[in-house]
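Trainee: This is the structure alone, sequence omitted:
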């Protein structure tokens with residue numbers, strides 16, 4: 001099957017309104033009963049929650065730092081099968097990638113996936129300078145993939161002025177605008193937007209955004225533009241992964257723990273794991289008959305008191321870990337598995353006392369090195385990961401060497417035969433041996449339990 005229509009929605013920088021415009025376009029196209037394939041550039045977890053809420057379809061991360069172009073194309077095309085159109089939301093500014101380069105940027109992903117891009121621009125406070133800015137983005141690379149513009153945050157009466165000016169000066173088509181409207185403002189906090197499940201009256205906001213896009217954005221033009229994407233063959237992006245076990249994996253999914261790469265879960269399924277959701281906030285204990293636990297990132301610090309007071313769940317996880325149940329805890333999951341968050345007692349399975357900070361801690365792409373044999377690798381093996389957190393772990397483990405390019409390395413995290421607990425989020429598709437080892441460990445645990 002050939003790849004179908006695809007569109008990239010990029011922006012001039014963070015805060016220009018990429019997520020709002022993307023949500024509006026997705027909502028309007030979904031209202032037209034189109035079957036959409038949503039994507040997000042880079043290692044973001046929150047924007048995909050909005051995409052899924054709108055479309056009813058899991059949103060997939062496209063990360064050209066973690067993935068070489070051929071693998072990224074496979075992931076992209078595979079999730080487009082049986083969909084009418086793909087919509088990719090960009091990251092930061094259109095050319096912003098890893099360090100000083102453009103790898104990992106919206107531009108890089110658009111180039112790899114051969115997807116036409118529209119640039120979201122907030123022109124408030126400018127006139128001709130808006131055209132200069134857009135022209136600069138258009139011409140910054142010989143093939144920028146930028147084919148149009150959507151304006152954000154302007155008054156309806158100013159749209160004809162900006163449209164004529166930009167189209168005359170840059171040769172790019174302006175596909176409409178979104179006006180200022182406080183009723184559709186999407187709230188933010190320290191890790192980004194407030195998650196989709198927390199937004200008050202979100203359904204009404206999304207419906208209003210969709211109606212605004214239908215009124216003010218040239219949706220037919222965007223669909224036509226998306227049809228100009230260059231096709232390539234679709235193949236099973238997960239075809240090389242076959243079951244190494246037949247296990248049940250408890251995955252924490254609630255308000256406190258909700259940051260997961262969709263393809264991480266898909267890879268675990270392909271390797272033989274049945275995903276069983278549970279809530280450290282609301283459930284009294286882990287699900288029955290499980291062979292492993294996966295606790296991803298999120299906002300445990302916002303729910304620390306409630307997590308702490310759910311003593312039966314904390315005790316249940318502690319007992320399970322001590323008896324050898326394989327467990328992965330990433331970032332927020334790591335914080336939950338440690339001794340405490342601020343003054344609130346947590347599970348206590350791994351050493352460390354977590355405190356929140358006013359500034360962002362070590363963040364970005366990094367390479368980890370195993371300093372001891374563990375659930376995810378042997379001594380000296382390396383893995384790619386990503387960090388983003390506003391907390392520090394005092395008196396924690398030092399079982400991994402964590403290094404960013406050009407920066408001094410540091411130690412952190414706890415490793416063991418049955419555990420990975422550390423700040424870095426793992427992306428399994430870039431580290432395929434890790435999920436294989438995880439599922440294999442769960443299968444070993446299952447067989448041992450059945451022999452008892």
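Mentor: The structure has been received and is ready for your questions. As the structure is a prediction and not an experimental result, all values here were calculated from the model.
Trainee: residue contacts, the spatially closest residue to residue 440 that is not a sequence neighbour?
Mentor: Once flanking residues are discounted, residue 440 sits nearest to residue 244: 5.1 Å by Cβ to Cβ, 6 or more residues apart in numbering. Every residue, glycine included, has its C-beta placed from N, CA and C. Residues near residue 244 by Cβ atoms under 8 Å, 6 or more residues apart in numbering: 271-272, 436, 439-440, 443.
Trainee: Can you give me every residue that contacts residue 111?
Mentor: Taking Cβ under 8 Å, 6+ apart as the contact definition, residue 111 lies against 143, 145.
Trainee: Now find how far off-centre the helix or strand hosting it is within its chain.
Mentor: If you go by DSSP states H and E, residue 111 is part of helix 106-113. On the basis of Cα atoms, centre = their mean, to the nearest Å, helix 106-113 sits 17 Å off its chain's mean C-alpha point.
Trainee: That one: what's the following helix or strand?
Mentor: Downstream of helix 106-113, the first helix or strand assigned by DSSP H and E is strand 117-121.
Trainee: Give me the mean pLDDT for that following strand.
Mentor: Strand 117-121 shows a mean pLDDT of 98 in the predicted model.
Trainee: Then stretch 227-238?
Mentor: Stretch 227-238 comes out at a mean pLDDT of 89.
Trainee: Any chance you could list what contacts it?
Mentor: With contact meaning Cβ under 8 Å, 6+ apart, stretch 227-238 is reached by 1-7, 71, 73-75, 77-81, 113-116, 147, 266-267, 270.
Trainee: repeat for stretch 130-139
Mentor: For stretch 130-139, contacts defined as Cβ under 8 Å, 6+ apart pick out 12, 94-95, 119, 121, 123, 126, 144, 146, 149, 162, 165-166, 168-170, 172.
Trainee: State the mean pLDDT of that stretch.
Mentor: Across stretch 130-139, the average pLDDT comes to 98.
Trainee: Break the protein down into its structural domains.
Mentor: Domain ranges of the chain: 5-226, 247-451, per automatic domain parsing.
Trainee: which of those has the lowest average pLDDT?
Mentor: Taking the mean pLDDT of these, domain 5-226 comes last: a mean of 91.
Trainee: got the end-to-end distance for that domain?
Mentor: With Cα to Cα, to the nearest Å as the measure, domain 5-226 spans 5 Å from end to end.
Trainee: Where do the strands of the stretch 1-150 of the chain begin and end?
Mentor: Ranges of strands within the stretch 1-150 of the chain are 5-11, 36-41, 60-62, 85-89, 117-121, 146-152, based on DSSP state E, counting those that start in this stretch.
Trainee: who wins for proximity to residue 331 among these?
Mentor: Residue 331 lies closest to strand 60-62 among the strands of the stretch 1-150 of the chain, at 15.4 Å (Cβ to Cβ).
Trainee: now the helices: where do they sit in the protein?
Mentor: Ranges of helices in the chain, per DSSP state H, are 18-31, 46-55, 69-80, 106-113, 128-139, 159-170, 202-216, 219-226, 262-270, 304-309, 311-322, 332-337, 433-451.
Trainee: Just put the ones you listed in JSON lines and tack on distance to residue 403.
Mentor: Supplementary listing: those in JSON lines, determined by distance: least, Cβ to Cβ, whole Å:
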{"stretch": "helix 18-31", "distance to residue 403": "30"}
{"stretch": "helix 46-55", "distance to residue 403": "26"}
{"stretch": "helix 69-80", "distance to residue 403": "23"}
{"stretch": "helix 106-113", "distance to residue 403": "23"}
{"stretch": "helix 128-139", "distance to residue 403": "33"}
{"stretch": "helix 159-170", "distance to residue 403": "42"}
{"stretch": "helix 202-216", "distance to residue 403": "39"}
{"stretch": "helix 219-226", "distance to residue 403": "40"}
{"stretch": "helix 262-270", "distance to residue 403": "22"}
{"stretch": "helix 304-309", "distance to residue 403": "30"}
{"stretch": "helix 311-322", "distance to residue 403": "28"}
{"stretch": "helix 332-337", "distance to residue 403": "18"}
{"stretch": "helix 433-451", "distance to residue 403": "18"}
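Trainee: Which one of the ones you listed lies nearest to residue 348?
Mentor: Between the helices of the chain, helix 311-322 lies closest to residue 348; by Cβ to Cβ that is 6.0 Å.
Trainee: who touches the nearest residue to residue 140 once chain neighbours are set aside in this structure?
Mentor: Excluding its sequence neighbours, the residue lying closest to residue 140 (Cβ to Cβ, 6+ apart) is residue 95, at 6.3 Å. By Cβ under 8 Å, 6+ apart, residue 95 lies in contact with 102, 105-107, 137, 140-141.
Trainee: quick check, nearest of the residues you listed to residue 157?
Mentor: Comparing these against residue 157 with Cβ to Cβ places residue 137 closest, at 25.6 Å.
Trainee: measure the closest one to residue 119 for me?
Mentor: Residue 137 sits at a distance of 6 Å from residue 119 (criterion: Cβ to Cβ, to the nearest Å).
Trainee: what's the most buried one of the helices of the chain?
Mentor: Looking across the helices of the chain with neighbours counted as mean count of other Cβ atoms under 10 Å, the highest average goes to helix 332-337: a mean of 30.
Trainee: other SSEs contacting it?
Mentor: Helices and strands touching helix 332-337, by 3 or more Cβ pairs under 8 Å, 6 or more residues apart in numbering; DSSP states H and E, are strand 257-259, strand 292-295, strand 297-298, strand 327-330, strand 391-394, strand 419-422.
Trainee: hmm, who's touching that helix?
Mentor: 252, 256-257, 259, 280, 294-301, 307, 317, 321, 327, 329, 341, 346-350, 352, 354, 391, 393, 413, 421-423.
Trainee: With stretch 21-30 instead?
Mentor: Taking Cβ under 8 Å, 6+ apart as the rule, stretch 21-30 contacts 9, 36, 38, 47, 50-51, 54-56, 85, 87, 89, 120, 150, 152, 178, 184, 186, 206-207, 209-214, 217, 219, 222-223.
Trainee: Could you dump the contacts of residue 244 into CSV and include distance to residue 367?
Mentor: Supplementary listing: the contacts of residue 244 in CSV, determined by distance: Cβ to Cβ, whole Å:
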residue, distance to residue 367
271, 24
272, 28
436, 20
439, 23
440, 23
443, 28
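Trainee: Name the nearest of these relative to residue 373.
Mentor: The shortest gap between residue 373 and any of those belongs to residue 440, at 14.2 Å (Cβ to Cβ).
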